[in-house]
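K.L.:
sequence first, predicted coordinates after that:
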Amino acid sequence: MAVKPLGERLVIKMVEAEEKTKSGIVLPGSAKEKPQMAEILAIGAGITSDEKKKDEVKVGDKVIFSKFAGTEVKIDGEELIVIKLADVLAVIE
Amino acid sequence: MAVKPLGERLVIKMVEAEEKTKSGIVLPGSAKEKPQMAEILAIGAGITSDEKKKDEVKVGDKVIFSKFAGTEVKIDGEELIVIKLADVLAVIE
Amino acid sequence: MAVKPLGERLVIKMVEAEEKTKSGIVLPGSAKEKPQMAEILAIGAGITSDEKKKDEVKVGDKVIFSKFAGTEVKIDGEELIVIKLADVLAVIE
Amino acid sequence: MAVKPLGERLVIKMVEAEEKTKSGIVLPGSAKEKPQMAEILAIGAGITSDEKKKDEVKVGDKVIFSKFAGTEVKIDGEELIVIKLADVLAVIE
Amino acid sequence: MAVKPLGERLVIKMVEAEEKTKSGIVLPGSAKEKPQMAEILAIGAGITSDEKKKDEVKVGDKVIFSKFAGTEVKIDGEELIVIKLADVLAVIE
Amino acid sequence: MAVKPLGERLVIKMVEAEEKTKSGIVLPGSAKEKPQMAEILAIGAGITSDEKKKDEVKVGDKVIFSKFAGTEVKIDGEELIVIKLADVLAVIE
Amino acid sequence: MAVKPLGERLVIKMVEAEEKTKSGIVLPGSAKEKPQMAEILAIGAGITSDEKKKDEVKVGDKVIFSKFAGTEVKIDGEELIVIKLADVLAVIE
């Protein structure tokens, strides 16, 4: 069972704390708009069909995004987030 | 008697709890914007006539949407929701 | 005496409760944005001259709309509502 | 002395209560957004130069509009209202 | 020393009360958005270079505008108002 | 060291009170949105590359602007203001 | 590990106080919207692919921006800020 995001949305999954430590990412706890790191699982057609936006993100990319953005949903026991591309700040390479 | 949604709207019907369990979908009760799952019954001409949007949804698709979106209406004893495409988050495949 | 709606507006008239029962429509009393059913009496030129919108509604159609939309006006003893097309949710067929 | 409305504005003048009774118009006193009836005295160039809008209204038309719209001005002892076309709901024919 | 308004702005100067009486204009004191009468001293390039807007106003025109619009400035002892064209309601001819 | 404003912004510097008196400008102290006079030091590429806007302002022009607009910054001991063109009301010639 | 900003965003890093003193920049402590100085580390594709915007900023530029804009993130022990181009006021040359 898969989740296909509509329009300019992505489906992402939070990256575990362990993985964050390994990759050296530390997110400050006091930041008012603390960003969070996640991995892209699926990309909506509104992005893949847009000449300018389609090259900005790909499945598997690690991204940071504001914790106030996106909608959480649990599917097959897996917690996912559906988020708009405009709410994704950056890709960590 | 049928309901034809206007513009970029859809008519959807909530999927029963039993079905949700079978398909493995579990929606977290504590989420602030708890999404809900429904099936598409009808699609407005504003969507079917739009080159970019017409392939994103089809009648019978299971979709998740925010509980704060849409307008409920009961027709022939059946509870339906009229919702804008922009308020549908994703299709569950 | 007739009322010609301007722009993308319609003139509609509430459908009586008796008629609603016959057609099997029941509108839930507890819904926050309880939609209402009405019949279209006139359609503005902003709709009839628009290639995309002109086929969505015709005089005589039964429509549902939000009770918070539209402006009531009594003409020749008849209570009418002038409403924007964007505030009409669906046509009941 | 005349008032030439700018942009997509009209100059209108309230129709007297006597006239309203003759034409059979009765405006409900309890409506939250009680519309009012007036006659068009002048039409701005933003309307007369617009292919879509220029045929919707003409000088002499009786129109209904929301009482919250428009600005009152008294000229040569005559009380007039300058109002945007978008705030005029319908023409009474 | 002159004031050249930028964009779609005008420089106007209030017409004195005496002049208002001669021309027969009386502005109601109780109106919530009491319009005021002024004369146009200068017109911005955003207006004079716009095909649709350039013919609507000319230097010397008497205009009415909302008292809540515009910014007052005193230059060489003369009180002027810089105002956007969109806030000018009508020209008095 | 120079400050290059981005987009449709300008860098301006307040004109001293002495200069204001010489040029005869007096700004009313009671105005709610008291405009202020300044000289243009630099103009952003968003203005100089725009066919319509590039002729409206040039370096050295004296301008008036609302005191609520712009961001103050001190560079090499000089107090400057970075402001959007849309917040500049007029040029004093 | 690098941070690739999405859309019309930049990744910037605050310039240390020592460096600020050397370059002569002094930011007033009482300003309501105190701007801050930073260096550009990365530029999003929404900027580099835009004919008008791509020449306004380059990696290494020192910029000033409002302290209310941007999102802080710590990566490999380095504190970075992801900010929209529209929130960058000027480049210090």
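P.N.:
Looks like it arrived, so ask away. Numbering: from 1, shown residues only, chains lettered A, B, ... in the order given.
K.L.:
for A:Ile83, name its beta-bridge partners.
P.N.:
A:Leu10 (DSSP bridges).
K.L.:
and the gap between A:Val91 and chain E?
P.N.:
The gap separating A:Val91 from chain E is 39 Å, by C-beta to the nearest C-beta, to the nearest Å. C-betas here are computed from N, CA, C, even on glycine.
K.L.:
tell me how many other residues crowd that residue.
P.N.:
Neighbour count for A:Val91, taken as other C-beta atoms under 10 Å in any protein chain shown: 19.
K.L.:
for it, what are its contacts?
P.N.:
Shown in contact with A:Val91 (C-beta atoms under 8 Å, 6 or more residues apart in numbering or on different chains): A:56-57, A:61-63, G:3-4, G:6.
K.L.:
specify which member of these is nearest to chain B.
P.N.:
For these, the closest approach to chain B (C-beta to the nearest C-beta) belongs to A:Val57, at 16.1 Å.
K.L.:
which SS class is A:Ala86?
P.N.:
With DSSP: H, G, I helix; E, B strand; the rest coil as the basis, A:Ala86 sits in helix.
K.L.:
helix or strand for the residue positioned nearest the centre of chain A, which one?
P.N.:
For chain A, the residue nearest the mean C-alpha position is A:Ile12 (4.0 Å; C-alpha atoms, centre = their mean). Using DSSP states H and E, A:Ile12 sits in strand A:9-14.
K.L.:
list the buried residues for that strand?
P.N.:
A:9-12 (16 or more other C-beta atoms under 10 Å in any protein chain shown).
K.L.:
okay, those residues in CSV with pLDDT and distance to A:Ala45 next?
P.N.:
Supplementary listing: the buried residues of strand A:9-14 in CSV, determined by pLDDT from 0 to 100; distance: C-beta to C-beta, whole Å:
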residue, pLDDT, distance to A:Ala45
A:Arg9, 96, 10
A:Leu10, 97, 12
A:Val11, 97, 13
A:Ile12, 96, 17
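K.L.:
now tabulate these in JSON lines and tack on distance to F:Ala42.
P.N.:
Shown next, in JSON lines, are the buried residues of strand A:9-14 (distance: C-beta to C-beta, whole Å):
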{"residue": "A:Arg9", "distance to F:Ala42": "41"}
{"residue": "A:Leu10", "distance to F:Ala42": "40"}
{"residue": "A:Val11", "distance to F:Ala42": "45"}
{"residue": "A:Ile12", "distance to F:Ala42": "42"}
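K.L.:
quick check: the farthest pair among these?
P.N.:
A:Arg9 and A:Ile12 (9.8 Å; C-beta to C-beta).
K.L.:
give me the common contacts of the two.
P.N.:
Counting by C-beta under 8 Å, 6+ apart, the contacts common to A:Arg9 and A:Ile12 are A:Ile83.
K.L.:
possible to save the contacts of A:Val91 as JSON lines with neighbour count and pLDDT?
P.N.:
Formatted as JSON lines, those follow (neighbours: other C-beta atoms under 10 Å in any protein chain shown; pLDDT from 0 to 100):
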{"residue": "A:Glu56", "neighbour count": "22", "pLDDT": "94"}
{"residue": "A:Val57", "neighbour count": "20", "pLDDT": "96"}
{"residue": "A:Asp61", "neighbour count": "18", "pLDDT": "97"}
{"residue": "A:Lys62", "neighbour count": "19", "pLDDT": "96"}
{"residue": "A:Val63", "neighbour count": "25", "pLDDT": "96"}
{"residue": "G:Val3", "neighbour count": "21", "pLDDT": "92"}
{"residue": "G:Lys4", "neighbour count": "18", "pLDDT": "95"}
{"residue": "G:Leu6", "neighbour count": "22", "pLDDT": "96"}
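K.L.:
which single one of these is nearest to A:Ala86?
P.N.:
For the contacts of A:Val91, the nearest to A:Ala86 is G:Leu6 (8.6 Å; C-beta to C-beta).
K.L.:
for the longest strand seen in chain A, buried residues please.
P.N.:
In chain A, assigned by DSSP state E, the strand with the most residues is strand A:35-43. Using 16+ other C-beta under 10 Å as the test for burial, strand A:35-43 gives A:35-38, A:40-43.
K.L.:
pLDDT below threshold where in chain A?
P.N.:
Chain A contains residues with pLDDT under 70 at A:16-35.
K.L.:
tell me where it has strands.
P.N.:
For chain A, applying DSSP E gives strands covering A:3-5, A:9-14, A:25-26, A:35-43, A:62-66, A:71-75, A:78-84, A:88-92.
K.L.:
take these and lay them out in CSV including distance to C:Glu79.
P.N.:
Formatted as CSV, the strands of chain A follow (distance: least, C-beta to C-beta, whole Å):
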stretch, distance to C:Glu79
strand A:3-5, 45
strand A:9-14, 43
strand A:25-26, 63
strand A:35-43, 50
strand A:62-66, 48
strand A:71-75, 41
strand A:78-84, 43
strand A:88-92, 50
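K.L.:
closest one of the buried residues of strand A:9-14 to F:Asp87?
P.N.:
Distance to F:Asp87, by C-beta to C-beta, is smallest for A:Arg9 among the buried residues of strand A:9-14, at 35.4 Å.
K.L.:
that closest one touches A:Gly46, doesn't it?
P.N.:
Yes - with contacts counted by C-beta atoms under 8 Å, A:Arg9 reaches A:Gly46, the gap being 7.3 Å.
K.L.:
from A:Glu79, how far off is the closest residue to A:Glu56 other than its chain neighbours?
P.N.:
The spatially closest residue to A:Glu56, leaving aside those adjacent along the chain, is G:Leu6, at 5.3 Å (C-beta to C-beta, 6 or more residues apart in numbering or on different chains). Distance, G:Leu6 to A:Glu79, by C-beta to C-beta, to the nearest Å: 23 Å.
K.L.:
quickly list what A:Ile40 is bridged to.
P.N.:
Per DSSP bridges, the residues bridged to A:Ile40 are A:Ile12.
K.L.:
verify the contact between the residue nearest to A:Glu56 and G:Ile47 for me.
P.N.:
No - if you go by C-beta under 8 Å, G:Leu6 and G:Ile47 don't touch, sitting 10.6 Å apart.
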